[in-house]
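Student: predicted model and sequence below, questions to follow.
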Amino acid sequence: VHIERALEASRNRILLFSAILMAAVALVVLLVSRGLTRPIERLTLATRDIADGTLDRQIEASGASELAMLGQSLGRMRDSIRQQISELAENNRRLEEEADQRRRVEQERDRLASILEATTDIVSMADPAGNVIYFNRAGRATLGVAPQGPLELMIPQVHPEWAARLVLEQGLPTALRDGVWSGETAILAADGGEITVSQVIITHRDADGRVAYMSTIMRDISERKRTEQALREFNAELERRVEQRTTQLAASRDEADRANHAKSEFLSRMSHELRTPMNAILGFGQLLEVGASLDDRRRGWLREIMAGGRHLLELINDVLDLARVESGKFTISPESVALRPLIDDCLTLLRPLAEAGDVRLLEATRHCDVQVRADRTRLKQVLLNLLSNAVKYNRRRGTVNIAVSYTHLSCGQGGLLLRPADDGT
C-alpha cells in the first residue's frame with residue numbers, strides 16, 4: 001500500500017511536471033508567433049500604404065533581423081518614392097509654367113501676326129539662310145504672289161533692276177553690319193509697274209549674337225512722290241510767274257520813275273513860270289502900299305491881296321519842295337517862330353473861305369504867346385491844310401478853332417500840341 005501510494009505520488013508529480021512543461025512550451029510558441037506576425041502585419045500595412053500612395057506613415061523596424069532589414073528597405077523605398085513624386089510635381093509645375101509662357105508667346109505672336117496681316121505696309125522675313133519664311137497679306141496682294149526661294153533669287157523678282165542692286169549691294173551688307181538700313185527703293189507690282197517705297201531692312205540676332213532672321217518693311221510712297229513732283233512743278237511755275245511779274249513790276253517801276261521824273265521836271269518848270277508873274281504882282285502891291293494914297297478899306301484889301309500873294313508864292317515854293325522831296329533833296333530849316341502871329345496869319349488867309357461857307361473862325365487864346373522852334377513855312381502849311389479841311393467839311397454856321405496844349409515828345413522833351421477842331425463831320 002505504501003509503495004502504491006508512493007508510485008501514485010510519483011505519477012502525480014510526473015503529470016504535474018508534464019502539464020507545467022506543456023504550458024511553458026505553449027507559452028513559448030505563443031510568444032514567438034506573436035513576435036513574428038506583428039512585424040509582418042506592420043510591413044504588410046506599410047506596403048499596402050505605399051501601393052495606395054500614402055507615404056506619410058512611419059515604418060517600425062523591430063523583430064527578427066531579416067524582418068528589420070526588410071522594414072528598413074521598405075522605408076528607404078518609401079523615401080525614394082516620396083522624393084521622386086516631389087521631383088515629378090516640381091517638373092510638372094515647371095512644365096505648366098513653360099506651357100503657359102508658350103501659350104502667352106503664341107498669343108502675342110498671333111496678335112503681332114494679325115497686326116502684320118492687317119497693315120498696309122509690306123512686311124516679310126527671311127531665315128539666316130536667306131529663305132523667305134513670311135510675307136504678309138499686303139505684300140502678297142501687291143506682288144500678286146509670295147515669292148519663293150533664297151533672297152539672292154527673290155530680290156530681283158520683287159525689285160526692279162536698280163532697286164535690287166541697291167538692296168543687294170548696300171541694304172543687306174549695311175543691315176548685317178549695323179543692324180538696320182533704310183532707303184528709298186521700288187518694287188514690281190503685279191501688273192509690272194514700279195511702286196516707289198520707303199524700305200527698312202532689320203537684322204535680328206539671338207542671345208549669342210548669331211543672325212536669327214532678317215525682316216524688311218516697305219511703305220508705298222508713290223502718292224507722296226507724285227505730290228512732291230506736283231509741288232516742285234508748281235514751285236517752278238510759281239517762280240516763273242514771280243520772275244515774270246517781277247520783270248513787269250520792274251518795267252512799271254521804271255515807267256513810273258520816268259513819269260515821276262517828268263512830273264518833277266514839269267512842276268519845277270511850272271513853278272518857275274508861276275513865280276515870275278507872282279513876284280510882279282507882289283512887287284506892284286508893295287509899290288501900292290508905299291506910294292498910293294488909299295483909304296483904310298482899300299488898304300485892308302491890299303493887305304489881303306499881299307497876304308494871299310505871299311501864300312501863293314509859298315505854295316509855289318512848296319511845289320518846288322515837293323519836287324525836291326521826290327528827288328531826295330528836301331531840307332528843313334528850323335528857326336524860332338512866334339506862334340500867335342503865325343496862327344493869326346493862317347486865320348486871316350482862311351477867313352474869305354470861312355465867310356463863304358458861313359463858318360466862324362475862333363482865335364486861339366491859351367498857350368499861344370510863345371516861341372517854338374520849327375520850320376516856319378512847313379508849320380504854316382500844315383496849319384493851313386488842317387484849318388482849310390476843318391472849314392470845308394464843317395456845317396453852316398459852325399465854328400473852327402485851334403486848341404493849343406503842352407505835351408511830351410517821344411524824344412523826352414516838352415512841346416506844344418496844336419489840334420484844329422470844328423463842328424462838322
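Tutor: Yes, it's here. None of these values were measured; they are calculated from a predicted model.

Student: what helix or strand does L282 sit in?
Tutor: Assessed by DSSP states H and E, L282 sits inside helix 222-291.

Student: again but with P173, I slipped
Tutor: Using DSSP H and E, P173 falls in helix 172-178.

Student: the strand or helix carrying R310 to helix 222-291, inter-axis angle?
Tutor: Applying DSSP H and E as the criterion places R310 in helix 296-326. On the basis of axes from the mean of the first three to the mean of the last three CA atoms, to 10 degrees, helix 296-326 is oriented at 150 degrees to helix 222-291.

Student: now for helix 296-326, which elements pack on it?
Tutor: helix 222-291, helix 339-356, helix 376-392 (3 or more CB pairs under 8 Å, 6 or more residues apart in numbering; DSSP states H and E). From N, CA and C alone the C-beta is placed, and that goes for glycine too.

Student: to E314, which of these lies closest?
Tutor: Proximity to E314 (CB to CB) singles out helix 376-392 among the helices and strands packed on helix 296-326, at 6.0 Å.

Student: hmm, back to that, off-centre distance for the helix holding R310?
Tutor: Put simply, helix 296-326 sits 68 Å off its chain's centre (CA atoms, centre = their mean, to the nearest Å).

Student: do the same with stretch 371-388
Tutor: Centroid displacement of stretch 371-388 relative to its chain, using CA atoms, centre = their mean, is 58 Å.

Student: which residues does that stretch contact?
Tutor: 311, 314, 317-318, 332-339, 342-343, 345-347, 349-350, 353, 361, 400, 402, 416, 418, 420 (CB atoms under 8 Å, 6 or more residues apart in numbering).

Student: and if you look at stretch 400-420?
Tutor: So stretch 400-420 is contacted by 339, 343, 354, 359-364, 366-368, 370, 372, 383, 386-387, 390-391, 394, 421-423 (CB under 8 Å, 6+ apart).

Student: kindly provide the whole-number mean pLDDT of it.
Tutor: Stretch 400-420 shows a mean pLDDT of 76.

Student: buried ones only from the contacts of stretch 400-420, please, as a ChimeraX command.
Tutor: Filtering the contacts of stretch 400-420 down to the buried ones (16 or more other CB atoms under 10 Å) takes a single ChimeraX command:
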select :339,343,354,359,361,364,368,372,383,386,387,390,391,394,422
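
Student: buried sites along stretch 336-352?
Tutor: Buried-residue list, stretch 336-352, by 16+ other CB under 10 Å: 337, 339, 342-343, 345-347, 349-350.

Student: meant to ask about stretch 169-179
Tutor: Buried positions in stretch 169-179, judged by neighbour count with 16+ other CB under 10 Å: 171-172, 174-175.

Student: point out the other helices and strands that the lengthiest strand in the chain packs with.
Tutor: In the chain, with assignment by DSSP state E, the single longest strand is strand 194-205. For strand 194-205, the contact count by 3+ CB pairs under 8 Å, 6+ apart identifies helix 172-178, strand 180-188, strand 211-220, helix 222-291 as packing neighbours.

Student: the nearest residue to A190 once chain neighbours are set aside and I187, how far apart?
Tutor: Sequence neighbours aside, G144 is the residue nearest to A190 in space, at 3.3 Å (criterion: CB to CB, 6 or more residues apart in numbering). To I187, G144 is 11 Å away according to CB to CB, to the nearest Å.

Student: quick one on the thing from earlier: I'd like the helices and strands packed on strand 194-205 written out as TSV, with mean pLDDT added.
Tutor: Formatted as TSV, those follow (pLDDT from 0 to 100):
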stretch	mean pLDDT
helix 172-178	91
strand 180-188	92
strand 211-220	90
helix 222-291	80
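
Student: tell me which of those lies nearest to E161.
Tutor: Among the helices and strands packed on strand 194-205, the nearest to E161 by CB to CB is strand 180-188 (10.0 Å).

Student: list the helices and strands that closest one packs on?
Tutor: Secondary-structure packing of strand 180-188 (3+ CB pairs under 8 Å, 6+ apart): helix 137-143, helix 151-158, helix 161-166, helix 172-178, strand 194-205.

Student: list the buried residues of the longest one.
Tutor: I take that to be strand 194-205. For strand 194-205, the buried set under the neighbour-count rule, 16+ other CB under 10 Å, comprises 195-197, 199-201, 203.

Student: now for the buried residues of stretch 336-352, which pair is the farthest apart?
Tutor: V337 and L350 (18.6 Å).

Student: how about CSV for the buried residues of strand 194-205, with distance to E106 added?
Tutor: Shown next, in CSV, are these (distance: CB to CB, whole Å):
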residue, distance to E106
I195, 34
T196, 37
V197, 31
Q199, 29
V200, 26
I201, 27
T203, 24
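
Student: ok, the nearest residue to Y134 once chain neighbours are set aside to L116 distance?
Tutor: Nearest residue to Y134, sequence neighbours excluded (CB to CB, 6+ apart): M125, at 4.2 Å. Computed as CB to CB, the M125 to L116 distance reads 9 Å.

Student: which residues do the two both contact?
Tutor: With CB under 8 Å, 6+ apart as the test, M125 and L116 both reach Y134.

Student: adjacent strands (with direction) for the longest strand of the chain?
Tutor: According to DSSP bridges, strand 194-205 forms sheet pairs with strand 180-188 (antiparallel), strand 211-220 (antiparallel).

Student: and the contacts of the shortest one?
Tutor: By CB under 8 Å, 6+ apart, the residues outside strand 180-188 that reach it are 122, 142-143, 157-160, 162-163, 166-167, 170-172, 174-175, 194-203, 218, 221.

Student: does R395 sit in a helix, a strand or a coil?
Tutor: coil (DSSP: H, G, I helix; E, B strand; the rest coil).

Student: phi and psi next, for it.
Tutor: Per-residue torsions, R395: phi -90, psi 160 (degrees, to the nearest 10).

Student: which residues are in contact with E335?
Tutor: Contacts for E335 (CB under 8 Å, 6+ apart) come out as 373-376.

Student: next, L294: phi, psi?
Tutor: Main-chain torsions, L294, degrees, to the nearest 10: phi -120, psi 150.
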